[in-house]
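Visitor: Quick check, what structure comes out for this input:
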Amino acid sequence: SIKDILESGGHDYTTHADPNLPIDRIVTRDPLGNEVFFTPQANTFSMPSSPEIKPTRGKEPPGVLSLESETRKNIGILTSGGDAPGMNACVRAVVRMAIARKCRPFFIYEGYQGLVDGGDKIKEAGWSDVSGFLTVGGTMIGTARCAAFREIEGRRTGVHNLIKRGIDALVVIGGDGSLTGADRLRAEWPEHVEALEKDGRITAEEAQRYRTLMIVGMVGSIDNDLASTDMTIGACSALERICESVDAILSTAMSHQRAFVVEVMGRHCGWLALNAAISTGADYLFIPEAPPSKEDWQAAMCKTLKASRDAGKRTSLVIVAEGAIDRSLKPIKAEYIREVLATRLGYDTRVTTLGHVQRGGAPAHFDRFLATMQGAEAVEAILRATPETPSPVIGMLENKITTQPLKEAIELTGEVAQAIESQDFARAMALRSESFSKQLASYKEIANFNPHSKDKLPADQRLRIAIVHAGAPAGGMNTATRSAVRLCLNRGHTALGVHNGFPGLMRGEIDELDWLTVDGWTITGGSQLGTNRDQPGPQLGAVAYQLQKHGIQALMVVGGFEAYTAVLELADNRAQYPAFNIPMVLVPATVSNNVPGTEFSLGSDTAANVIVRSTDMIKQSASSNRRRVFVIEVQGGNCGFLAVTAGLSGGSTTVYTPEEGVDLTRLQRDISHLRARYTKELGRSEGRVTLCNEKASPIYSTDMIANIYEAESGGFYGARTAVLGHLQQGGTPSPLDRCRANTMAIDAINWLQCRCWDSMEIPDEDSVRLPPSQLKRKYFPRVFANTPDTAAVIGVVGSEVRFTPISDLVAHTDFARRVPRTIWWSAARQLVDILSGVGVDIENGGCSTSYKSCAIDLTADDLLRLYGQQDTIDKLDVNVP
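Guide: Presented below is the predicted three-dimensional model:
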């Protein structure tokens with residue numbers, strides 16, 4: 001009966017014989033990990049040792065996906081093609097997830113060359129072999145060009161080496177050429193096996209056992225050139241290297257009033273160049289997908305740059321992708337651009353070719369996060385696959401990890417180059433994501449000063465749009481303001497800056513913002529306008545007075561949860577204050593990422609990068625000491641987003657979040673794990689860190705957790721604390737935050753403009769009889785918007801920008817805890833523990849921690865709808881309120 005109870009609950013137990021009794025004894029564990037003994041003898045306080053009869057597993061409770069699987073795969077891992085930051089994070093995730101799933105991972109060194117060479121180029125990988133991989137750029141297992149693999153005999157030799165090592169699945173991390181080679185190898189596999197058996201190089205048993213090969217691809221490419229994914233591994237880090245370099249160049253350019261032409265990578269894809277231009281405020285851009293529209297592009301470029309100089313700008317910056325061309329497919333080179341600027345404008349112009357700097361350095365937070373999630377899902381894809389399953393590539397669409405048919409994804413990518421070569425540039429743009437086209441259009445509109453902007457619109461359509469910052473500072477606030485102001489000015493609107501948040505609005509601290517004032521705000525952290533957490537509630541009348549006094553017709557609020565509640569309060573009081581009947585939009589900006597209606601807030605990526613870089617340095621200190629654990633406190637309020645995502649990309653042992661809380665059971669589990677690891681690693685221990693959200697527990701503070709860690713360490717390790725504090729709110733905004741800020745701000749101004757113009761339409765009410773208490777529309781201000789859909793939150797949902805009426809978000813908001821009720825990042829939480837070894841049998845494989853795959857399977861038909869018909873698919877609309 002005891003066994004039946006344990007099995008029905010899914011509990012593991014072992015049975016042991018007692019030589020003095022006819023009944024076996026049963027041993028299991030309680031939730032704290034303590035051994036519990038069942039014996040027929042009363043008052044037995046100790047159990048004599050006895051040989052174990054057999055281990056017995058309980059039945060799995062329904063609905064739980066356990067990592068204990070009887071299926072064992074031998075998984076080869078190779079990196080091929082150009083290296084990219086984040087490849088090592090991907091290798092680490094595949095190795096550790098494979099061990100957790102009771103598979104055997106193998107390194108294949110030097111890419112396909114190692115596959116052909118065999119021997120010591122193929123080695124089984126252990127858990128500790130990938131320690132430290134997260135922080136290292138490039139690829140630790142090497143990559144090399146392999147001419148032999150292009151020949152059938154070379155591929156056959158590679159098949160022989162795989163079979164002799166027992167490898168029946170292959171994970172390939174590389175560009176489109178590398179993935180094409182992998183898919184070709186799988187297609188030829190039966191032919192190779194048959195030939196090897198015929199030649200006597202493998203046995204009939206081996207031929208039968210290894211009759212199929214499963215291949216999973218992941219794209220490691222700094223160009224971000226896979227057509228069917230929003231982001232490839234390495235692209236974000238390369239963009240960060242470019243921005244760091246260009247930010248440094250701009251200071252010397254400004255000192256000497258120089259022009260700089262910066263060449264970045266991108267043979268057939270302009271993603272790096274476009275996003276670098278947006279992130280650094282470049283004046284002109286050349287990319288392969290969208291060549292200059294005019295034949296005499298040189299004159300157009302000179303006219304544009306001169307207009308900005310005439311407006312008072314001291315520098316000129318041109319960014320050119322290495323594959324940039326004109327409409328006749330003639331290459332546009334950086335040196336030629338320099339000659340044009342020097343000859344026609346007389347500018348002191350310099351050329352900087354960043355080259356392989358873009359490939360180097362430690363990977364950025366997002367690349368580590370993406371690579372880790374994709375690496376774990378690659379193992380899941382292998383275990384789900386059947387011999388008939390098409391080879392998948394792991395990608396990301398609309399912020400969801402996806403599995404896509406590799407062949408069709410590569411074909412779409414190849415179509416881009418074909419479209420460019422055939423001068424079908426519209427098709428080339430269509431094969432990129434919709435966000436790419438929107439980014440390019442918005443960049444062109446705000447990149448340069450338009451001296452004739454006032455003439456673009458009739459006087460009655462020009463608007464007065466105010467911008468206010470509210471809440472704590474966050475990276476990207478200034479970038480959003482700059483983009484909004486530039487768009488307003490270039491369209492003939494007036495942009496008003498409200499200083500010092502809503503108290504400043506109450507006091508009338510409002511100025512017109514001009515082109516040069518905001519010119520350098522792209523790379524500036526914090527809030528140039530000034531911000532605070534005060535709400536408009538105590539002085540709604542003063543706010544209404546200032547809005548009316550300054551003729552403000554639309555309001556853009558940039559901030560976090562305080563800004564959210566402020567806009568909600570203004571919208572709720574429209575009936576009492578007519579001045580509030582204007583379009584209002586919230587651009588979410590907070591490191592906590594806790595604003596409803598968006599998956600990402602401005603500043604969250606910058607803060608995560610700060611945490612990851614700090615974690616790297618702290619782990620280095622802890623590793624040097626050999627026996628030290630750091631408990632690092634991070635911000636986030638009641639939202640665990642920063643702790644979980646930065647914990648995954650920083651290699652945290654575990655994380656403590658408000659969503660889960662902290663209790664003694666959890667602490668006991670984590671301490672047991674630490675003691676077990678430090679016991680086995682004695683003398684060669686690595687440093688470890690734990691991330692703790694500032695509000696993870698009202699009882700167990702960061703200091704208390706560290707003290708408990710040390711008190712229960714058994715002398716195997718010491719514990720220290722580190723509080724990152726306001727470091728997370730400062731510093732230069734990350735390129736991702738800059739790009740998101742630009743996109744959100746441009747769309748916000750477009751939305752405000754449309755809502756204002758719509759509200760200006762005055763219906764014919766001459767024949768309409770209204771109640772005495774109701775005025776006709778013609779007596780209201782020119783802009784009068786009082787419907788719920790005219791007060792909204794703009795958010796990044798997937799890869800799209802969406803506007804949600806703020807009144808609709810109330811039901812999706814936990815106001816007591818100041819967080820949205822729906823979170824999208826929960827899948828990453830269990831991976832933090834699994835990849836750090838919590839609950840994993842590191843020596844023998846297997847894991848007691850459950851993990852549910854989060855990947856969305858896309859078919860070839862899905863890709864056709866997305867990129868052939870520019871349609872949407874419902875599969876990607878998950879976690880959207």
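Visitor: tell me the contacts of residue 368?
Guide: Going by C-beta atoms under 8 Å, 6 or more residues apart in numbering, residue 368 touches 86, 89, 134, 612, 648, 649, 650. Yep, even glycine has a C-beta here, placed from its N, CA and C like the rest.
Visitor: Inside helices: which ones of those?
Guide: Among the contacts of residue 368, the residues falling in helices (DSSP state H) are 89, 612, 648, 649, 650.
Visitor: I'd assumed residue 611 was in contact with the last one.
Guide: To tie it back to what came earlier, the one meant is residue 650. Yes - counting by C-beta atoms under 8 Å, residue 611 is a contact partner of residue 650 at 6.5 Å.
Visitor: So what does residue 596 look like in phi/psi?
Guide: When read as degrees, to the nearest 10, the backbone of residue 596 gives phi -60, psi 150.
Visitor: meant to ask about residue 594, not that
Guide: Torsion angles, degrees, to the nearest 10, at residue 594: phi -120, psi 20.
Visitor: Please name the nearest non-neighbouring residue to it.
Guide: In space, not counting the residues next to it along the chain, residue 594 is nearest to residue 639; the distance is 4.0 Å by C-beta to C-beta, 6 or more residues apart in numbering.
Visitor: what about the one you found, neighbour count?
Guide: For residue 639, the count of nearby residues is 29 (other C-beta atoms under 10 Å).
Visitor: circling back to that earlier point, now the contacts of residue 368 as TSV including pLDDT and distance to residue 720?
Guide: Below are the contacts of residue 368 laid out as TSV (pLDDT from 0 to 100; distance: C-beta to C-beta, whole Å):
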residue	pLDDT	distance to residue 720
86	96	29
89	97	26
134	94	21
612	96	19
648	96	22
649	96	22
650	95	16
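Visitor: what's the closest of the ones in helices among the contacts of residue 368 to residue 303?
Guide: residue 612 (43.4 Å; C-beta to C-beta).
Visitor: Stretch 843-852: how far from the chain's middle?
Guide: 26 Å (C-alpha atoms, centre = their mean, to the nearest Å).
Visitor: residues of that stretch that come out buried?
Guide: Going by neighbour count (16 or more other C-beta atoms under 10 Å), the buried part of stretch 843-852 is 845, 846, 847, 850, 851.
Visitor: quick one: the closest residue to residue 817 other than its chain neighbours and residue 449, what's the gap?
Guide: Nearest residue to residue 817, sequence neighbours excluded (C-beta to C-beta, 6+ apart): residue 638, at 4.2 Å. As judged by C-beta to C-beta, to the nearest Å, residue 638 and residue 449 stand 44 Å apart.
Visitor: Could I get the full set of strands for the stretch 1-150 of the chain?
Guide: 13-16, 25-29, 35-38, 52-56, 74-79, 104-108, 122-124 (DSSP state E, counting those that start in this stretch).
Visitor: most packed of the ones you listed?
Guide: strand 74-79 (a mean of 26; mean count of other C-beta atoms under 10 Å).
Visitor: With only the CA atoms kept, save it in CSV.
Guide: C-alpha atoms of strand 74-79 as CSV (Å, rounded to 0.1, in the frame of the first residue of the first chain):
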residue,chain,number,x,y,z
ASN,A,74,24.0,11.1,-28.9
ILE,A,75,24.0,14.7,-30.1
GLY,A,76,26.9,16.2,-32.1
ILE,A,77,27.4,20.0,-31.8
LEU,A,78,29.3,22.1,-34.3
THR,A,79,29.7,25.7,-35.2
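Visitor: From the contact counts, what lies against that strand?
Guide: Helices and strands touching strand 74-79, by 3 or more C-beta pairs under 8 Å, 6 or more residues apart in numbering; DSSP states H and E, are helix 87-100, strand 104-108, helix 111-117, strand 169-174.
Visitor: Please enumerate the helices of the stretch 701-850 of the chain.
Guide: According to DSSP state H, counting those that start in this stretch, the stretch 701-850 of the chain carries its helices in the segments 702-711, 735-759, 827-836.
Visitor: buried sites along the second one?
Guide: Okay, so that is helix 735-759. Judged by neighbour count (16+ other C-beta under 10 Å), helix 735-759 contains these buried residues: 735-749, 751-753, 755-756, 759.
Visitor: Is residue 834 in contact with residue 848, as I believe?
Guide: No - using C-beta under 8 Å, residue 834 makes no contact with residue 848, being 9.9 Å away.
Visitor: Pick the one among the contacts of residue 368 closest to residue 271.
Guide: For those, the minimum distance to residue 271 (C-beta to C-beta) is 15.5 Å, reached by residue 86.
Visitor: and that closest one, how far is that from residue 364?
Guide: 8 Å.
Visitor: go on, residue 512?
Guide: Separation of residue 512 from residue 364 (C-beta to C-beta): 37 Å.
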